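Engineer: quick one, what's the 3D model for this:
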Amino acid sequence: MATIKVLNMSGQDAGTMELNDEIFGIEPNQNAVHEVVRNYLANRRQGTQSAKTRAEVRGGGRKPFRQKGTGRHRQGSSTDPSQIGGGIVFAPKPRSYRYNVPKSLRRLAMKSALSAKVQDNEMIVLDELSLEAPKTKEMVKILSNVNADKKALIVTAEKNENVVKSASNIPGVRTAVVTSMSVYDIVNHTNFIITKDAISKLEEVYS
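Structural biologist: Next up, the predicted model:
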């Protein structure tokens with residue numbers, strides 16, 4: 001099993017922790033990660049775009065101008081797409097972009113994303129993460145202590161309102177619990193900050 005250093009909220013060493021190689025030590029499968037991220041973004045699309053076709057726009061009841069003598073092209077209806085105010089060719093309509101990917105592929109993508117973070121030294125393990133009250137300044141200090149000044153994803157075992165509220169106003173920082181984090185969240189943030197309890201829970205889920 002791979003071993004990773006554990007830090008406290010002050011950025012000091014707090015021992016080490018062994019990681020399950022089945023989750024944090026596999027060869028990352030970039031194709032699986034790409035497909036799952038693509039699926040995640042597609043499922044987030046609202047699909048509410050809409051435009052009118054020539055059958056739906058108002059007008060078209062009479063020929064807009066006479067056939068000859070005007071110097072303009074022959075036109076039989078003002079709803080034609082070539083006319084100002086006419087319909088749209090192949091107009092987009094509300095639709096769902098949602099589709100499913102196999103559970104095995106989602107699990108492989110999650111393990112690949114986690115393993116990539118370990119290999120790239122972008123995973124930071126904290127012995128605990130607790131705040132007495134929601135304070136953005138305290139969260140900024142913690143991130144600075146662990147050298148996570150760039151985009152960071154903070155993962156905890158259970159939802160902690162003080163942690164969530166403290167990080168909500170920091171640009172580029174997002175919080176999640178083990179059961180709600182996505183592959184997209186992991187790859188979209190440079191630093192992956194996770195507590196020891198969250199790792200234990202993660203290994204229970206994906207072992």
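
Engineer: skipping adjacent residues, who's closest to the residue nearest the centre of the chain in space?
Structural biologist: The centre of the chain sits closest to Y184, judged by CA atoms, centre = their mean, with a distance of 4.1 Å. With CB to CB, 6 or more residues apart in numbering as the criterion, Y184 has its nearest non-adjacent residue at 4.5 Å, and that residue is Y40. (C-beta placed from N, C-alpha, C; glycine too.)

Engineer: that's a helix at that neighbour, yeah?
Structural biologist: Yes. Under DSSP: H, G, I helix; E, B strand; the rest coil, Y40 falls within a helix.

Engineer: surely it and M181 touch.
Structural biologist: No. Look at Y40 against M181 with CB atoms under 8 Å: they stay out of range, at 11.4 Å.

Engineer: which one of the two has more residues nearby?
Structural biologist: M181 (23 against 17; other CB atoms under 10 Å).

Engineer: and the closest residue to that one other than its chain neighbours, which of the three is it?
Structural biologist: Spatial nearest neighbour of M181, excluding adjacent residues (CB to CB, 6+ apart): V155 at 5.6 Å. Counting by three-state DSSP, the backbone at V155 sits in strand.

Engineer: next structured bit after the longest helix anywhere in the chain?
Structural biologist: For the chain, the helix with the greatest residue count under DSSP state H is helix 103-119. Using DSSP states H and E, the helix or strand that directly follows helix 103-119 along the chain is strand 123-126.

Engineer: that following strand pairs with which strands, parallel or anti?
Structural biologist: According to DSSP bridges, strand 123-126 forms sheet pairs with strand 2-7 (parallel), strand 191-195 (parallel).

Engineer: next, the angle from the longest one to helix 103-119.
Structural biologist: Spelled out, that is strand 2-7. If you take axes from the mean of the first three to the mean of the last three CA atoms, to 10 degrees, strand 2-7 sits at 60 degrees to helix 103-119.

Engineer: now strand 2-7, how far from the centre of its chain.
Structural biologist: 26 Å (CA atoms, centre = their mean, to the nearest Å).

Engineer: just the CA trace of that strand, in PDB.
Structural biologist: The C-alpha trace of strand 2-7 is given here as PDB (Å, rounded to 0.1, in the frame of the first residue of the first chain):
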ATOM      1  CA  ALA A   2       1.100   3.500  -0.800                       C
ATOM      2  CA  THR A   3       1.800   5.900   2.200                       C
ATOM      3  CA  ILE A   4       0.900   9.500   2.200                       C
ATOM      4  CA  LYS A   5       1.800  12.300   4.700                       C
ATOM      5  CA  VAL A   6      -1.000  13.600   6.900                       C
ATOM      6  CA  LEU A   7      -1.100  17.300   7.900                       C
END
